[in-house]
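Participant: Pasted the sequence and its predicted model underneath.
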Amino acid sequence: MDHKSIAIDGPSGAGKSTMAKQLARELGFLYVDTGAIYRTLGLFALERGVDPGQWTQVEPLLAQVSIRMDYGEDGLQHMYLGGKDVTEAIRRPEVSGAASKISAIPQVREFLMDMQRDMARSNSVVMDGRDIGTVVLPGADVKIFLTASPEERACRRCTELRQRGTPEDYEKVLSDIIERDARDSGRAAAPLKQAEDAVLVDTTDITLEESFSLLFRTVQENLK
């Protein structure tokens with residue numbers, strides 16, 4: 001069977017997950033949130049009292065961790081750590097920070113690479129992350145670089161956190177986003193960047209509905 005792959009990259013808070021999920025539903029593809037995999041490993045590091053930015057501390061965890069990705073009756077991706085559903089737990093701000101640090105370790109990225117590529121080998125996928133179009137699926141049928149200004153992403157993140165009952169101060173959220181952008185873009189291992197053949201989709205000044213319409217139209221125009 002000829003499987004298709006759509007790679008959506010972009011910075012934190014750009015709306016990749018929200019729109020990639022909807023896009024996958026519209027196309028009948030499998031949605032793969034690669035960031036959730038790194039978040040799950042980041043959560044494991046925090047639970048073990050390990051500094052997620054130190055390879056010498058993270059290395060022993062790789063032989064111990066049990067990460068599984070599955071799809072529930074709701075059709076959405078669920079992450080399991082040691083058999084426990086941690087789909088909600090990995091969205092906490094401290095886990096986000098841990099994921100950013102742990103994902104900068106080359107050996108970690110190599111360790112998790114097969115899990116991501118196996119999904120694309122056996123399914124038509126919409127996969128989002130930081131390096132999907134540049135490293136994980138360089139041969140993807142369509143590549144999108146989805147972005148928005150740091151200020152807009154901070155506003156969206158604050159709204160999301162408030163709706164979850166875990167509100168954060170806007171200035172702190174904005175500072176965290178700017179710091180993470182710098183860390184993700186400046187890391188030596190698979191830095192965040194737009195693939196040369198990716199289509200740039202900037203959603204700063206448009207609504208979520210308008211953003212998805214733009215994304216869907218772009219994919220339709222480029223999907224062979």
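Facilitator: Yes, it's here.
Participant: For this protein, which segments are assigned as helices?
Facilitator: Taking DSSP state H, the helices of the chain run over residues 16-27, 34-47, 55-62, 93-102, 106-122, 150-163, 170-186, 208-222.
Participant: Name the stretch among those helices that sits most buried.
Facilitator: helix 34-47 (a mean of 23; mean count of other CB atoms under 10 Å). From N, CA and C alone the C-beta is placed, and that goes for glycine too.
Participant: Quick one: mean pLDDT over it.
Facilitator: Model confidence over helix 34-47, given as mean pLDDT, is 95.
Participant: Mind listing residues that contact it?
Facilitator: Residues outside helix 34-47 that contact it (CB atoms under 8 Å, 6 or more residues apart in numbering) are 16-17, 51-52, 57-58, 61, 65, 67, 69, 77, 79-81, 86-87, 89-91, 94-99, 101-103, 108, 112, 115-116, 127-130, 132, 136.
Participant: shaky segments in the chain?
Facilitator: The chain contains residues with pLDDT under 70 at 1, 224.
Participant: redo that, cut-off 80
Facilitator: Within the chain, the stretches falling below the threshold (pLDDT under 80) are 1, 72-76, 189, 224.
Participant: For the nearest residue to Val219 once chain neighbours are set aside, grab the count of nearby residues.
Facilitator: Ranked by CB to CB, 6 or more residues apart in numbering and with sequence neighbours excluded, the top spatial neighbour of Val219 is Val142, at 5.4 Å. Other residues lying near Val142 total 21 when counted by other CB atoms under 10 Å.
Participant: show me the contacts for Val142.
Facilitator: Applying CB under 8 Å, 6+ apart to Val142 gives the contacts 5-7, 199, 218-219, 222-223.
Participant: Check Gly82 too.
Facilitator: 65-66.
Participant: re the thing from before, I'd like the distance between the residue nearest to Val219 and Leu192.
Facilitator: As defined by CB to CB, to the nearest Å, Val142 lies at a distance of 19 Å from Leu192.
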